[in-house]
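Peer 1: 3D, please:
(chains A and B)
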2 protein chains.
Amino acid sequence: MRILLLIAFLLFSTDPLHAQNNDSVVFRNIANDILLNGTAYQNLRVLCKEIGARLPGSPQQLKAEKATFLMMQQMGADTVYLQDCMVPHWVRGEKETAYISAADGKKMPLDICALGNSVGTGNNGLKAEIIEVTSFKQLDELGEKGIRGKIVFYNVRFNPAHIEPWKGYDETTGYRWNGPSRAAKYGAVGTMIRSLASNTDDHPHTGGMRYNDSFPKIPCIAISAVDGDYIAAELKKRKSIPLYFRTTCQTLAKVAGHNVIGEIRGSSSPDEIITVGGHLDSWDLAEGAHDDGAGCVQSMELIRVYKKLGIRPRHTIRVVMFADEENGGAGSDKYAEIAKAKNEKMVFALESDDGGFVPRGFRFTLEEEKIERLRKWLTLFYPYGVYKFEAGEAGADIENLKPLGAVIAGLYPDPQRYFDIHHSRSDVFENVNKRELELGAASMAQLVYLVDKYGL
Amino acid sequence: MRILLLIAFLLFSTDPLHAQNNDSVVFRNIANDILLNGTAYQNLRVLCKEIGARLPGSPQQLKAEKATFLMMQQMGADTVYLQDCMVPHWVRGEKETAYISAADGKKMPLDICALGNSVGTGNNGLKAEIIEVTSFKQLDELGEKGIRGKIVFYNVRFNPAHIEPWKGYDETTGYRWNGPSRAAKYGAVGTMIRSLASNTDDHPHTGGMRYNDSFPKIPCIAISAVDGDYIAAELKKRKSIPLYFRTTCQTLAKVAGHNVIGEIRGSSSPDEIITVGGHLDSWDLAEGAHDDGAGCVQSMELIRVYKKLGIRPRHTIRVVMFADEENGGAGSDKYAEIAKAKNEKMVFALESDDGGFVPRGFRFTLEEEKIERLRKWLTLFYPYGVYKFEAGEAGADIENLKPLGAVIAGLYPDPQRYFDIHHSRSDVFENVNKRELELGAASMAQLVYLVDKYGL
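Peer 2: Sure, this is the predicted structure:
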């Protein structure tokens, strides 16, 4: 830290004060216009309330493509166009049902959701005994003898002691993605996860999973944290608890989807591209408000505010609504594939996909010493509550651009409430705060302004 | 900023690294225990759901005194006691009613609330023409000729361009406090304010006001931002709009209330006092969850976690649930009066009264150069999302301690959502996030640990 401060001090000493003053005026103008005249919140309302959940391959996703195409046109983008890409088409089917046999023999219903990409149980459902594990290690120790014929219940809690909830997610997300096949390897007939949630409520959280083709594809579901605690407590009292669940989800043939792209053409280096985006698709239990409607409307706002304020970027700025992040990343793959084929020069990419909460900073996939150089900009951001540039993951939709030479970055909003609502029925418009959303949009437009002007 | 960084650098250079390491372990232990075993959220549930709104002089306030007395005893405070003080006893009376005459002559109901300390209209209500003003300047220009016999509608918006919503509050709060008497001076018969809110919804926000005894006491109410916009639009179309409202609020004789105080006795300087607190009273439209149930339970948590971890402070730490902040500050006055009479040495006071949102820093009533010296501590706080020590108002309940020699400080939680819910029916338990509340409690216990150990 001592060294960081010394470096920062030296950098401040050499940075021309008048440049900072001029930039601080632009920063202020961007924030003013977004807070006073912004359309991000209203556009999010359209995505959430007029359109709704945007599962890849769903009619809603196509509606959202049309809506955002029109929004970017109305904002004055120099050009708006689509990139065709085939997206997975997983459907949830009928509302899932489940029950366990209570101590008195009665059926006790459970609120469940299938995990994305899961196979269904078939019409008759699936019934088997629950075996609880709290780690893959425990699963491996139980082995085929302990697992065969059972439904594995991965009851792995978020560790509340992590100040950074993403750490809790990183520690548990493997059970959702890989848990089914790892259990199927030992003969399990189904899996159930405790939802990957930072709070304790009644909502099951869905999310993506992938089968390993070496093992049978078994159905997999999530239950809420409250139900997870309940079943764990019951399992302590009773030797055997049978679980029944029925899911009719299935994966259909891929269908056409599109990346929606709005551009402001660069004034002096039009062939050098700055990409800014979020993913337009969402899980289907709610409205995809924070994940990632927020990132989409924040990204589009950059076009509106630059045009409104007459900011003419040197590089071409492309705002991209990626077609499919939740279910495999087809939109991101297509965007990178076309960029590579055209030999486009990708200089920078910025994504917002961690929720529409109040911004605290940005994460860069850069070496620490390069990030430290960028920290001279933090004096400009500080009055807007943005104080943190750090190394970290930037965003799933832009990772593909790193091999093409882009520096990639992600907006870092305050993370404390994200995993309360992530992939659950709580991810609705009402849970997004207008000012927090707008401040995130402003900080993104501000960062891109600096990167465009000074480089990285 | 260059100078600040240089100072910070020099301070870091002289601070022994091992001290920071040891302190960082204590910081971690405090945060762990509050996040894993904390009672703040559960205690807030009791204050909000089992007790409810805690208007000074109400039975709920007395219940809350008993409940927090017991909580601090159970947390292991060395002593818990009450300080008697007389508190104002304003009562809202029957649910307020109001309507305006719509363009078609029909009655259009309005959702209103009386301002705290307002007189009522009497049983028959009050009916008069609305005159809108957007500033005191405009009021003065209209003068008696334009105002007499009318209801003044102060339609003053929060400026959304302020990054700091407190600035919006500071700019508008005068209309609530002083607007009635300033209008009465010109012969107004009542006043109505646009609620002091950072968002635009249907909820009227109450709050304190004071009459100037030189002018008639006229009834005063608040309407929501949505209704404020509606009436302003109607006034543009129609010359005259009569408003009827009926309020039965009144101020009764003062009644007995109490500050509830829990102490940990200092090990080496027991006569030097560190005060930590919030105010137990609240407005009556909801549950006083953020304002200031959050501050109360965060303050009490300090006793629990110090006792649990065996932290023995050198100074005596007093956790105070102040009896009456919203309606005049009787609790705070009494606390300072007794401290002065006993010639107690007040070294430091910390309040949390800006909501239970995620912490960003602390505000100190100190000169900038002294705050800069304290910033060496920010490396300890940074992993907990706390990065900001700045000069500013600390908290209404502890301001009285400054003349007694105390350095006073306030927790600075993220402010973006506070004025959406402040003093309105939205200030309920459900709008407090458990982790955000706990992180605020942890940062308070951490700051007090450092102040107790190193002084200021």
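Peer 1: OK, contacts around the residue nearest to the spatial centre of chain A?
Peer 2: The centroid of chain A falls nearest to residue A:353 when counting by C-alpha atoms, centre = their mean (4.4 Å). The contact partners of residue A:353, taken as C-beta atoms under 8 Å, 6 or more residues apart in numbering or on different chains, are A:278, A:279, A:291, A:292, A:295, A:325, A:395, A:396, A:397, A:410. The way it works is simple: take the backbone N, C-alpha and C, and place the C-beta from them, glycine included.
Peer 1: same deal with residue A:119?
Peer 2: Residue A:119 touches A:217, A:218, A:219, A:249, A:250, A:251, counting by C-beta under 8 Å, 6+ apart.
Peer 1: Any of these buried? List them.
Peer 2: A:218, A:219, A:249, A:251 (16 or more other C-beta atoms under 10 Å in any protein chain shown).
Peer 1: which SS state does the first one fall under?
Peer 2: Going back to what we said before, that points to residue A:218. Put simply, residue A:218 is coil when judged by DSSP: H, G, I helix; E, B strand; the rest coil.
Peer 1: could I have the longest strand that chain A contains exported to CSV, CA atoms only?
Peer 2: Looking across chain A with DSSP state E, the single longest strand is strand A:250-264. What follows is the C-alpha trace of strand A:250-264 in CSV, where atoms were taken according to Å, rounded to 0.1, in the frame of the first residue of the first chain:
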residue,chain,number,x,y,z
GLN,A,250,-36.3,-30.2,-22.2
THR,A,251,-33.7,-29.0,-24.7
LEU,A,252,-35.2,-28.4,-28.1
ALA,A,253,-33.3,-27.7,-31.4
LYS,A,254,-31.2,-24.5,-31.5
VAL,A,255,-33.0,-21.5,-32.9
ALA,A,256,-32.0,-18.2,-34.4
GLY,A,257,-31.1,-15.4,-32.0
HIS,A,258,-29.2,-12.2,-32.5
ASN,A,259,-26.7,-9.9,-30.9
VAL,A,260,-28.1,-6.4,-31.2
ILE,A,261,-25.3,-3.8,-31.9
GLY,A,262,-25.5,-0.1,-31.9
GLU,A,263,-22.4,1.9,-33.0
ILE,A,264,-21.0,5.4,-32.7
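Peer 1: between the helix or strand following that strand and strand A:250-264, how many degrees?
Peer 2: Remark: after strand A:250-264, the chain's next helix or strand is strand A:269-279, criterion DSSP states H and E. Relative orientation of strand A:269-279 versus strand A:250-264 (axes from the mean of the first three to the mean of the last three C-alpha atoms, to 10 degrees): 140 degrees.
Peer 1: list the helices and strands whichever helix or strand comes after strand A:269-279 packs on?
Peer 2: As assigned by DSSP H and E, the chain's next helix or strand after strand A:269-279 is helix A:294-309. Helix A:294-309 makes packing contacts with helix A:17-37, helix A:40-45, helix A:59-74, strand A:250-264, strand A:269-279, strand A:315-322, helix A:434-454 when contacts are defined by 3 or more C-beta pairs under 8 Å, 6 or more residues apart in numbering or on different chains; DSSP states H and E.
Peer 1: What residues sit buried inside the longest strand of chain A?
Peer 2: Across strand A:250-264, burial judged by 16+ other C-beta under 10 Å covers A:251, A:254, A:257, A:258, A:259, A:260, A:261, A:262, A:263, A:264.
Peer 1: Same check on stretch A:403-413?
Peer 2: Within stretch A:403-413, the residues scored as buried using 16+ other C-beta under 10 Å are A:404, A:406, A:407, A:408, A:409, A:410, A:411, A:412, A:413.
Peer 1: For the closest residue to residue A:102 other than its chain neighbours, which residues are in contact?
Peer 2: Nearest residue to residue A:102, sequence neighbours excluded (C-beta to C-beta, 6 or more residues apart in numbering or on different chains): residue A:108, at 4.2 Å. Residues near residue A:108 by C-beta under 8 Å, 6+ apart: A:99, A:100, A:101, A:102.
Peer 1: before we move on, what about residue A:406?
Peer 2: Residue A:406 makes contact with A:275, A:346, A:347, A:348, A:349, A:398, according to C-beta under 8 Å, 6+ apart.
Peer 1: thought the last one was touching residue A:351?
Peer 2: Yes. Here residue A:398 reaches residue A:351: they are 4.9 Å apart, a contact under C-beta atoms under 8 Å.
Peer 1: intersection of neighbour lists for those two?
Peer 2: With C-beta under 8 Å, 6+ apart as the test, residue A:398 and residue A:351 both reach A:277, A:408.
Peer 1: higher neighbour count, these two?
Peer 2: residue A:351 (32 against 27; other C-beta atoms under 10 Å in any protein chain shown).
Peer 1: Quick check on the more buried one: phi, psi?
Peer 2: Dihedral angles phi and psi of residue A:351 (degrees, to the nearest 10) take the values phi -120, psi 150.
Peer 1: bridging residues for it?
Peer 2: Using DSSP bridges, the bridge partners assigned to residue A:351 are residue A:277, residue A:410.
Peer 1: buried stuff in the host helix or strand of residue A:337?
Peer 2: Residue A:337 is part of helix A:330-341, with elements assigned from DSSP H and E. If you call a residue buried by 16+ other C-beta under 10 Å, then helix A:330-341 has these buried ones: A:330, A:331, A:332, A:333, A:334, A:335, A:336, A:339.
Peer 1: Looking at these, spot the one nearest chain B.
Peer 2: The shortest approach to chain B among the buried residues of helix A:330-341 belongs to residue A:332, at 29.8 Å (C-beta to the nearest C-beta).
Peer 1: Show the model's pLDDT score for the residue in chain A sticking out farthest from the centre.
Peer 2: Farthest-out residue of chain A from its mean C-alpha position, per C-alpha atoms, centre = their mean: residue A:104, at 42.1 Å. Each residue has a pLDDT score; the one for residue A:104 is 84.
Peer 1: repeat for residue A:15
Peer 2: 49.
Peer 1: Show me what from the stretch 51-200 of chain A comes close to chain B.
Peer 2: Within the stretch 51-200 of chain A, the positions near chain B by C-beta under 8 Å from any C-beta of the partner chain are A:160, A:161, A:163, A:165, A:198, A:199.
Peer 1: returning to what we had before: can I get the buried ones among the contacts of residue A:119 in CSV with pLDDT and distance to chain B?
Peer 2: Output for those, formatted as CSV (pLDDT from 0 to 100; distance: C-beta to the nearest C-beta, whole Å):
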residue, pLDDT, distance to chain B
A:218, 98, 34
A:219, 98, 32
A:249, 98, 32
A:251, 97, 36
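Peer 1: okay but residue A:290 is in contact with residue A:421, surely?
Peer 2: Yes. Under the criterion of C-beta under 8 Å, residue A:290 makes contact with residue A:421 at 6.1 Å.
Peer 1: who touches the residue nearest to residue A:258 when sequence neighbours are not counted in this structure?
Peer 2: Nearest residue to residue A:258, sequence neighbours excluded (C-beta to C-beta, 6+ apart): residue A:82, at 4.1 Å. Going by C-beta under 8 Å, 6+ apart, residue A:82 touches A:65, A:69, A:258, A:259, A:260, A:261.
Peer 1: I am finished for the moment; much appreciated.
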